[in-house]
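K.L.:
here is a sequence with its predicted model. Questions after.
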Amino acid sequence: MKTIGHMINGELLDNAERTQDVYNPSTGQVSKQVALASQQTVEQAIAAAQAAFPAWRNTPVAKRARVMFKFKQLLEDNAEKICELIGEEHGKISHDAAGELQRGIENVEYACYAPELLKGEHSKNVGPDIDSWSEFQPLGVVAGITPFNFPAMVPLWMYPMAIVCGNCFILKPSERDPSSTMFIAQLLIDAGLPQGVMNVVNGDKVAVDTLLHDDRVMAVSFVGSTPIAEYIYATASANGKRCQALGGAKNHAIIMPDADMDNAAQALIGAAFGSSGERCMALSCVVAVGDQAADQLIEKLQTGMQSLKVGPYSDSSNDFGPLITKAHLQKVTGYIDSAENDGATVVVDGRNPTVAGYEDGYYVGGTLIDNVTPEMVSYKEEIFGPVLVVVRVDTMQQAMELIDSHEYGNGTCIFTRDGEAARYFSDNIKVGMVGINVPLPVPVSYHSFGGWKRSLFGDLHAYGPDSVRFYTKRKTITQRWPSAGVREGAQFAFPS
Ligand code: NAD
């Protein structure tokens, strides 16, 4: 059986000190093994990155950007293969995988813009014959640790910008679906990146902890669940590293009584069940204002959900595929059981769907639960499955208070025809990304992505303009050339 190793200094290594099974969640069968790096292997990657840094830092930024142009081309040329690898190990249907890859490519496009982004700031004559400018210098060796749910896109949020800014990178992908991530990293090498600038170590906590404790690693970007994000942020910060750690979510949609219910129901079906709900921006909770709005919406959701099809990634007529592991399947169905036991109403039940020929796959069908209340675990926690819960409230103010008091603040949206309500909501809600009649308000690559509250630890958001700041440090230089020979009457007394 194939073992996925590491990529260090431009070479594939099979230092497989320990290994872990990689599953095909559509069939429930083990398909590969992944190596779990030891401390020594990670240190080897850090040393390679550190050795590559001086030359890469001094490579003209336009040349660094040219590698990204080539990389983008290779990503497009290999899109089908990448989507197949995502499908095999994550379970995403090809149209969904293609969407993920496209969003990743857009981050490479933004990185191509680096010569413009890194121009810096200049002020002439800040004093007599004195000029001052700020420039943005790379940090050195930086690391990224990524989750299973976007094995192509989330790493592409990080390393194209880090690398084009002049840093050298070590990526620690999710050990659950590493193949597409590894394949894409190899394309970056094929695009002409010098050895050691990009390295990938597969692994678990051992690899992560080595990156967090090594003094040569200057910054860490993390995306994953909130408990791990908090640990990463606390440990990296305590060790003097710059850190941004993006965590989990519970994204609410307010349905106002005046909303276009057909549009809202259609939008919610895609946003709640797409990718099996395994998205940090999945819309997982409806807050209906008034019973009439709730009843109308639920009726339309029920109708729309009748045609939802769950099945293996290889059949592109499916709407969504399996969950990532058997343990996660049990966790998701456990949340549905708990909602039912707590007195909520399971309106559409996706537990134990029949997927002929794939009986061992990790499938849950689209599930809709009404009358969920804020004390229930199924409301409080991130389910990360194709489960949409409905909470009923009487006023918009109550809906906003509910959202504001939730521990997560990644994304939210409102469905309404009332501009005043929408404006008040977007201005005041304590959430980082807001949609108005848009269910998944994921910022495009030239804006930045990040939640509030316990959905993000750190100051700077991911990708976009914030990532240029995250992967560089500002240096401000003030300059004066006291040469009396050039201009008569020049004054070189030190200015006060
Ligand atoms: P996870 O936290 O289990 O794993 C993320 C990474 O952390 C992996 O690389 C994993 O190997 C590593 N890791 C896991 N346990 C660790 C430990 N104890 N010590 C050190 N490292 C550890 O997350 P996941 O299940 O892969 O991904 C799903 C989660 O990610 C969800 O909560 C989802 O909301 C979140 N997510 C957030 C965003 C965002 O932008 N906010 C985006 C995607 C996913």
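P.N.:
Thanks, I have it.
K.L.:
drop to CA atoms for contacts and neighbour counts, all remaining ones
P.N.:
Noted.
K.L.:
and residue 476, which of the three is it?
P.N.:
The three-state label given to residue 476 by DSSP: H, G, I helix; E, B strand; the rest coil is strand.
K.L.:
can you check residue 101 too?
P.N.:
The local conformation at residue 101, judged by three-state DSSP, is helix.
K.L.:
got a list of what it touches?
P.N.:
Contact criterion CA atoms under 8 Å, 6 or more residues apart in numbering gives 79, 83, 152, 153 as the residues in contact with residue 101.
K.L.:
and the closest residue to residue 400 other than its chain neighbours, how far from the ligand?
P.N.:
In this structure, residue 400 finds its nearest non-sequential neighbour in residue 429, 6.6 Å apart by CA to CA, 6 or more residues apart in numbering. Going from residue 429 to the ligand by CA to the nearest ligand atom, to the nearest Å gives 18 Å.
K.L.:
same thing with residue 197?
P.N.:
In this structure, residue 197 lies at 20 Å from the ligand, with CA to the nearest ligand atom as the measure.
K.L.:
can you tell me which residues contact that residue?
P.N.:
Contact analysis of residue 197 by CA under 8 Å, 6+ apart lists 9, 48, 49, 52, 53, 56, 163, 167, 168, 169.
K.L.:
surely the first one meets residue 201?
P.N.:
Think residue 9. No. Because the distance of 11.1 Å does not satisfy CA atoms under 8 Å, residue 9 is recorded as not touching residue 201.
K.L.:
so for these two, which residue has more residues nearby?
P.N.:
Summary of the neighbour comparison: residue 9 and residue 201, criterion other CA atoms under 10 Å, with residue 201 having more neighbours (28 against 23).
K.L.:
the more buried one reaches residue 174, doesn't it?
P.N.:
No. When contacts are counted by CA under 8 Å, residue 201 is not listed as touching residue 174 (10.1 Å).
K.L.:
next SSE downstream of the strand or helix carrying residue 132?
P.N.:
In this structure, residue 132 sits in strand 130-138 according to DSSP states H and E. Next in sequence after strand 130-138, counting helices and strands by DSSP H and E, comes strand 141-145.
K.L.:
can you name every helix or strand that that following strand contacts?
P.N.:
Applying 3 or more CA pairs under 8 Å, 6 or more residues apart in numbering; DSSP states H and E, one finds that strand 141-145 contacts helix 39-57, helix 153-164, strand 168-172, strand 217-223.
K.L.:
export those to TSV and tack on mean neighbour count and mean pLDDT?
P.N.:
Conversion of the helices and strands packed on strand 141-145 to TSV gives the following (neighbours: other CA atoms under 10 Å; pLDDT from 0 to 100):
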stretch	mean neighbour count	mean pLDDT
helix 39-57	20	98
helix 153-164	27	98
strand 168-172	29	98
strand 217-223	26	98
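K.L.:
export these to CSV and tack on distance to the ligand?
P.N.:
Below are those laid out as CSV (distance: least, CA to the nearest ligand atom, whole Å):
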stretch, distance to the ligand
helix 39-57, 13
helix 153-164, 7
strand 168-172, 6
strand 217-223, 5
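K.L.:
pLDDT value on the residue of the stretch 351-496 of the chain found nearest the ligand, please?
P.N.:
Distance from the ligand to each residue of the stretch 351-496 of the chain (CA to the nearest ligand atom) is smallest for residue 455, at 5.8 Å. As summarised for this prediction, residue 455 has a pLDDT of 97.
K.L.:
likewise for residue 17?
P.N.:
According to the prediction, residue 17 has pLDDT 81.
K.L.:
my read is that it contacts residue 34, right?
P.N.:
No. The pair residue 17 and residue 34 does not pass the contact test of CA under 8 Å, sitting 10.4 Å apart.
K.L.:
quick one: which of these two has more around it?
P.N.:
Set side by side, residue 17 and residue 34 give different neighbour counts by other CA under 10 Å, the larger being at residue 34 (24 against 10).
K.L.:
nearest residue to the residue at minimal distance from the centre of the chain other than its sequence neighbours?
P.N.:
Centrality entry for the chain: nearest residue to the mean C-alpha point is residue 154, 4.3 Å, by CA atoms, centre = their mean. For residue 154, ignoring the flanking residues on the chain, the nearest one in space by CA to CA, 6+ apart is residue 146 at 6.6 Å.
K.L.:
for that neighbour, what are its contacts?
P.N.:
Residues touching residue 146, when contacts are defined by CA under 8 Å, 6+ apart, comprise 154, 155, 171, 172, 173, 174, 222, 223, 224.
K.L.:
rerun that using 6 Å as the cut-off
P.N.:
Neighbouring residues of residue 146 by CA atoms under 6 Å, 6 or more residues apart in numbering: 173, 174, 223.
K.L.:
do residue 348 as well
P.N.:
In this structure, residue 348 makes contact with 367, 368, judged by CA under 6 Å, 6+ apart.
K.L.:
repeat that for 7 Å
P.N.:
Under the criterion of CA atoms under 7 Å, 6 or more residues apart in numbering, the neighbours of residue 348 are 302, 367, 368, 369.
K.L.:
can you check residue 443 too?
P.N.:
residue 449.
K.L.:
and whichever residue of the stretch 51-200 of the chain sits closest to the ligand, its phi and psi?
P.N.:
As assessed by CA to the nearest ligand atom, the ligand sits closest to residue 147 within the stretch 51-200 of the chain, at 3.4 Å. Comment: the main-chain dihedrals of residue 147 come out as phi -90, psi 180, following degrees, to the nearest 10.
K.L.:
what about it, how many neighbours?
P.N.:
A count of neighbours around residue 147, defined by other CA under 10 Å, yields 20.
K.L.:
does it really touch residue 224, like I thought?
P.N.:
Yes. Using CA atoms under 7 Å, residue 147 is in contact with residue 224, at 5.0 Å.
K.L.:
nearest residue to residue 198 other than its sequence neighbours?
P.N.:
Counting by CA to CA, 6+ apart, residue 198 lies nearest to residue 169, which is 4.9 Å off, once chain neighbours are set aside.
K.L.:
list the buried residues of stretch 404-422.
P.N.:
By 16 or more other CA atoms under 10 Å, the buried positions in stretch 404-422 come out as 404, 406-416, 422.
K.L.:
try stretch 381-392
P.N.:
Within stretch 381-392, the residues that count as buried by 16+ other CA under 10 Å are 382, 383, 384, 385, 386, 387, 388, 389, 390, 391, 392.
K.L.:
what sits against the fifth one?
P.N.:
If I follow you right, that is residue 386. Going by CA under 7 Å, 6+ apart, residue 386 touches 272, 273, 276, 277, 365, 366, 367.
K.L.:
cool, the last one as well?
P.N.:
Under the criterion of CA under 7 Å, 6+ apart, the contact list for residue 392 reads 287, 288, 289, 290, 291, 294, 371.
K.L.:
quick one, which of those are buried?
P.N.:
Listed as buried from these are 287, 288, 289, 290, 294, 371; burial here means 16+ other CA under 10 Å.
K.L.:
pick the one among those closest to residue 131.
P.N.:
Lowest distance from residue 131 to the buried ones among the contacts of residue 392 (CA to CA) belongs to residue 287, with 56.0 Å.
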